[in-house]
Structure formats: structure tokens, C-alpha cells
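Colleague: Quick one, fold the following:
(chains A and B)
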Protein chains: 2
Amino acid sequence: MRANRQIVLAARPRGLPRHEDFRLAEAPMPAPADGEVLMRHDWLGLAPAARLRMDEAGSYSAPMALGDVVYGQAIGTVLESRHPDFKVGDMAMAMRGGWQCFSALRGGDLVKIDPQLAPPPAWLGPLGTSGLAAYIGLLEHGRPKSGETVVVSAAAGAVGSVVGQVARIQGCRVVGIAGGEDKCRAAVDEFGFDACVDHRDPGLPQALARACPDGIDVSFENAGGASRDAVWRLMARGGRIVVCGLISEYNAPEATGPGWYRLLTQRLQIRGYITSDHLDLRPAFERDMARWWAEGRIRMREDVSQGLASAPAAFIGMLLGHNRGKVLVSLAPDHASAA
Amino acid sequence: MRANRQIVLAARPRGLPRHEDFRLAEAPMPAPADGEVLMRHDWLGLAPAARLRMDEAGSYSAPMALGDVVYGQAIGTVLESRHPDFKVGDMAMAMRGGWQCFSALRGGDLVKIDPQLAPPPAWLGPLGTSGLAAYIGLLEHGRPKSGETVVVSAAAGAVGSVVGQVARIQGCRVVGIAGGEDKCRAAVDEFGFDACVDHRDPGLPQALARACPDGIDVSFENAGGASRDAVWRLMARGGRIVVCGLISEYNAPEATGPGWYRLLTQRLQIRGYITSDHLDLRPAFERDMARWWAEGRIRMREDVSQGLASAPAAFIGMLLGHNRGKVLVSLAPDHASAA
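Modeller: Presented below is the predicted three-dimensional model:
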């Protein structure tokens, strides 16, 4: 019987995770129970929010236990099905597939994907949870109106890049904030942002003010820290701040944010949200995003690393902002070597 | 011709206003133009937000100019009417009556009051703008559900006391935060709060936690500072923070607020609002509050000072938290001496 290679949480990270916090393990090949599906993982999708589950205190979901397979999404191929909705050869996305080569999951925990509409990685990006997070945060909570100015932090990332493109579709002026020249250029050239400013630039507040001459109506906050504070000072009356993530703070949450005086005088709204609270919006998302994708209005940038063992380094690099686009791990090398 | 005594802004306060920032002045008795009404001011209603208009930068409305009559509400009696909706002897409330003994205002800037339903001071309190601020903030933005825990800062004040009583009417558990034993006792004994904790108590975070064993679902924020931060740590998942005022910060806005990590993990909503943005809700407010008042479910506490010249001291005392209830200035002594 073939083994199932996994990466498990070996220790709780303090601050930025280190390689020693992860361990490669082998488990028996899972056997699907009634109502379950055995899936070969072809791709893993890495997301910064997984860092939150590594803390003992937990955050918006139960923390991982030590020894657990690291939490993460996977796209894979059905090898064996004991669920009526899936047949051998189907492709599906598992929110909780985890960093491993195979999984046995209940059919209800899988979402079938259509590789004819878009290649599998896109189902971990704009057509998957990254896209859903962008869609819910921008449209449901940000409620941008045509002509408004939308600022997006982590603009070249998996979520931010979709937010910017959807905001453009809504007729907004879209300004990104990203780390470094390459990402800023990608936001403008690949994703169609009107402008993008570098959060590493000490002149960020001035650069952002120049890019937003009428102030900021909607801020899609993905970063926290200095860019959040620069946005704060430019929020226009009646502005909305949607807090999707605070990646710069996941390793050490900041004790203080901006003062609230401006919140009052500008009648601001701030809202933190978690995508999984809003799955009622999934059908609308799937309909809209599939159409936009088919129309070529949504693009994706991928940052692929090869092999399960590369996942910890890819994850750490993502938390440091070294990635270029959605961070994916291809498990093709693992399956080829096992064959 | 009788003169109109006024208090004008003599200098822009730096931090806490001083008596020298105000000056008693005399102007000619105003003459109502067509469409206007000449009103004798009987009562002034003081509110902390007037402090915001004394700064040059302004806040959510145009700043007062030096030499302007100080901004404030007034209740008065119509002496002469050139507007079809008002006749001599009517009583009315003027949002922008100002700290003076008489005013000539357009009919559209006056709200007629019914002294049969409630005595004139109540129309500067629960039935006036304080009540409207409470009503809009709590019901429109806080959206409390029966059984939820609502925390109200400045609990014994003009707005906070109404928030607490309306939250009780909605079936909520209501916990106040107020400065000192007298105010805490008033919140519980006079206004029916379930509990009230003292923001001067160094054990405030622990006391608030004991009073809110299930966390806080709705925070009506009127104070800022330490009590805001204690509330922050106790916000329950899906909680709403409504920012009506930040009285502790009006003299020196705080540069920093609490960090946003909790905003994300608890899916919080924060909203700053200004009552005058929501005048569409006034008819609903007038209907509900008049009924609750008539049913004896809403009480008011007044802190009356005598004579126009006492207004600056009453205003400064209010910013220091020395008042007991809604701060009113009776102008009866001024009118008696002029008669």
C-alpha cells in the first residue's frame, strides 16, 4: 500500500514560522468511508490566514493541534468515490484538503471544478476562495459605487488582484498598495489598476495622497501597519474600510491602530469579515466570476513551487511578501516519484 | 429697543476651553424677515460636540468663526412670526439657536414642540437631539437584538441615558460605563441599567468583564480612551461598535486606538455617525419616543445652570464630566432682569 506524505505542524511558531515548525510525515493511504471520496491532491493553495491557525489561542477558527496536517486548500482528482455526486476522474477543490498528497473527504466538503472553464490553479485563485474573499469583501461590505476611489493593499496578491479587477468592472478608480516595484508594476500592467504605490516607500502617505486626489471611498485592507495608517488619513466622508486580512501583523499583532477621531468626523464604517461566514453569497460569486473569467476580464498571477516538501518555504516566503501572485504548490513531482 | 445678549467665541480653545475663550456681547434685537420667526430663548441645551466646532480645522461641520455666537440648541417662545406654521406663543426648538437670548430664524430651522406632552427641557433631551442621536445610533447602526449585551459609555449623560433605556425596551442586557459613583448609581437606579462600572476604577477591565459574562454585542461609544479599550477586548463575535462621540478626546484627539487584529477575528463592525446625516429617521424617532415618554419608560436627568453668563462654566464643566445629566441653561434670569 502506498503511503500518504504529509506536512504536519511540529511546533507552534513564535512570530515568523521557521522550517523546524513543520515536519514531513508519512501516514497510511486514507480509505474513503461511505459518503466520502478519495482524492489525489494535484495542487495546494497557500494562504496567509493559515498562520492564524498555528497559534494556540486560535483566532476565527479552531487552532491546529500539534501533529495535525497543516491546514490548506487543495485541488485534486477523484481516485475512488463513495459519494453519488463524484465519479473517478472528477476534479474538485477541498477547503480543508491540507498539505498532503491524498485525502479522504466527505462529498459535502468538496466543490467540483470545471477544468474546461479554467485551469485547475485558477480554482485556487480568482475562481476559488481567494476570489470569493475578494468578491464578498468588496461587493457585500465595501459596496463601491461607480466613480468612487477604491484602495487595495497587497494589491498584487491572490485576493488583492481580484479586488482591483472587480472594482474596475464596477467602474471605480482603483489604486493599489504593494511591496516593491515588481508588484506595483504587475498591479497596473497585468491587473489594470489605475495606479499602485509602494508601501516600502517612506513617502507612501504623500504618494497615496497624490494617487487619490478625491480621498478614498473604499479601502480593502489586507495588510495592516503603515499602509493602513496612510489610508486612514485619506478616508473620505462616508468611507468604508473592509478588513479582509492584516498580513503584516499575523506574526505579531500590533497593539495599536489609528485613533478614532477621524472615524467620527468622516462617518467611517469599518468591518472585519471572514469569508466562510458568507457562503450564502457563493452562488452569486460563482455566476459572476465565471462570466468575468470567460470574458477575459479577470487575470491571475501564479507563484508555483514544486513538490510537497517545498510548501513550508513557500509559506514562509509568502508571509515575508516574497511571492509573486497566488502561491501554489504543485504535487506532480510527488506523484511522479511515487508512481 | 432691547438688546440681544449673546456669548461669542473670543478665541479658539487650545485643549480644554477657558473662560477667556468666550465673551459676553450685546447685539441689536433681531428683526424677523419674511419667512422667519422671532424667538425668545428660554433654555439652552449644551452638548459636547460643540467643542468640535471651536477648532479652526473644523470636523464634521463648518467651524465657528471668531466672534460668532457660540453654537448650540435652544428652546424658546415665538414672539413674532412671519412664517405660516408658527404663531405668537408657540414653543419651538432651534438646532442652531446659539448661546443668546433671542434669535430670528427661518421657520424651516425650527421644530415646534408640544409642552403638553413633555416639559420644555425634555425637548432638549430625550425628545430632542440627544434622544435622536441615541435612537439612530442604537437602533439604526447598533441593531441590538433581544437578549444581547449592550454597553453604553457616558451612561448617565444626555445621550447615554437614553441609549440605555431604549436598549432595555429592546430586551437587551444593558451595562453602563460612567465616571464616579453618583453617575453609576443614577444609571442603575434612575435609568434601569442592569449594571454600571466606573471608568475611573483602575480595575475597569475586570469589572466590565464581570458585568458582561457573555461579551459585548453592541457598544455605544461616547467616550473614547480607556473605556473604549476595555470594551474592545470584550467584543463578542459579530459585535457592532457605534461611535457617537469621543468626549474624552475632544480637547486632544488620541493618536492611536486599539489594534485591529480583534476586528478581524471577531468580525466586528465599527461605525462613526453624525445624527444630522439621518434626519430621514426623525419621524420614526418622534413617534416612538413620544410613546415611550408617555408610557413613562424614558426618564431624564437635568443639570440646570441659571443665566446666559453661566453657559461657559457649564460647558467647561460638562467637558470635565462634572455634570449630572443633560446640561441646560435657563435664560429666565436674563429675561426677568430685562423686563
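
Colleague: Which residues lie in contact with the residue nearest to the spatial centre of chain A in this structure?
Modeller: In chain A, the C-alpha nearest the mean C-alpha coordinate belongs to A:Ser130, at 4.2 Å (Cα atoms, centre = their mean). Contact analysis of A:Ser130 by Cβ atoms under 8 Å, 6 or more residues apart in numbering or on different chains lists A:Gly45, A:Ala47, A:Leu124, A:Ala158, A:Val159, A:Val162, A:Lys326. To be clear about C-beta, it is placed using only N, CA and C from the backbone, and glycine gets the same treatment.

Colleague: quick one: which of those residues is nearest A:Ile7?
Modeller: A:Gly45 (14.3 Å; Cβ to Cβ).

Colleague: Show the contacting residues for that closest one.
Modeller: By Cβ under 8 Å, 6+ apart, A:Gly45 lies in contact with A:Gly72, A:Gln73, A:Ala74, A:Ile75, A:Leu124, A:Gly125, A:Gly128, A:Thr129, A:Ser130, A:Lys326, A:Val327, A:Leu328.

Colleague: per-residue confidence for A:Asn251?
Modeller: You'll see A:Asn251 listed with a pLDDT of 78.

Colleague: Quick one: residues contacting it.
Modeller: A:Asn251 neighbours (Cβ under 8 Å, 6+ apart): A:Pro13, A:Gly15, A:Leu16, A:Arg51, A:Leu319.

Colleague: Chain neighbours aside, what residue packs nearest to A:Glu80?
Modeller: A:Leu38 (4.1 Å; Cβ to Cβ, 6 or more residues apart in numbering or on different chains).

Colleague: Reformat the contacts of A:Gly45 as TSV; add secondary structure.
Modeller: What follows is the contacts of A:Gly45, written out as TSV (DSSP: H, G, I helix; E, B strand; the rest coil):
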residue	secondary structure
A:Gly72	coil
A:Gln73	strand
A:Ala74	strand
A:Ile75	strand
A:Leu124	helix
A:Gly125	coil
A:Gly128	coil
A:Thr129	helix
A:Ser130	helix
A:Lys326	strand
A:Val327	strand
A:Leu328	strand
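
Colleague: hmm, back to that, filter the contacts of A:Asn251 to the buried ones?
Modeller: A:Pro13, A:Arg51, A:Leu319 (16 or more other Cβ atoms under 10 Å in any protein chain shown).

Colleague: ok, A:Asp68 touching A:Ile7?
Modeller: No: the pair A:Asp68 and A:Ile7 fails to qualify as a contact (Cβ atoms under 8 Å) at a distance of 10.2 Å.

Colleague: The two: which has the busier surroundings?
Modeller: Counting neighbours by other Cβ atoms under 10 Å in any protein chain shown for A:Asp68 and for A:Ile7 shows that A:Ile7 has the greater number, 24 against 14.

Colleague: any idea which element the more buried one lies in?
Modeller: A:Ile7 is part of strand A:3-9, with elements assigned from DSSP states H and E.

Colleague: Please identify the buried residues of the helix or strand just after that strand?
Modeller: Proceeding N to C from strand A:3-9, the next assigned helix or strand is strand A:22-28, under DSSP H and E. Neighbour-count burial for strand A:22-28, counted by 16+ other Cβ under 10 Å, picks out A:Phe22, A:Arg23.

Colleague: quick one, what contacts the closest residue to A:Ala255 other than its chain neighbours?
Modeller: The shortest distance from A:Ala255 to any residue other than its chain neighbours is 5.2 Å, reached at B:Gly259 (Cβ to Cβ, 6+ apart). B:Gly259 makes contact with A:Glu249, A:Pro253, A:Glu254, A:Ala255, A:Thr256, A:Gly257 under the criterion Cβ under 8 Å, 6+ apart.

Colleague: A:Glu80: neighbour count?
Modeller: Residues lying near A:Glu80 (other Cβ under 10 Å) number 16.

Colleague: The lowest-mean-pLDDT helix or strand in chain A near chain B at all?
Modeller: Within chain A, confidence by mean pLDDT, DSSP states H and E is lowest for helix A:261-265 among all helices and strands, at a mean of 83. Yes: Helix A:261-265 lies within reach of chain B by Cβ under 8 Å from any Cβ of the partner chain, at A:Tyr261, A:Leu263, A:Leu264, A:Thr265.

Colleague: Which strands or helices does the helix or strand that that helix is followed by pack on?
Modeller: For helix A:261-265, the succeeding helix or strand toward the C-terminus, using DSSP H and E, is strand A:269-272. With contacts defined as 3 or more Cβ pairs under 8 Å, 6 or more residues apart in numbering or on different chains; DSSP states H and E, strand A:269-272 has these neighbours: strand A:235-243, helix B:261-265, strand B:269-272.
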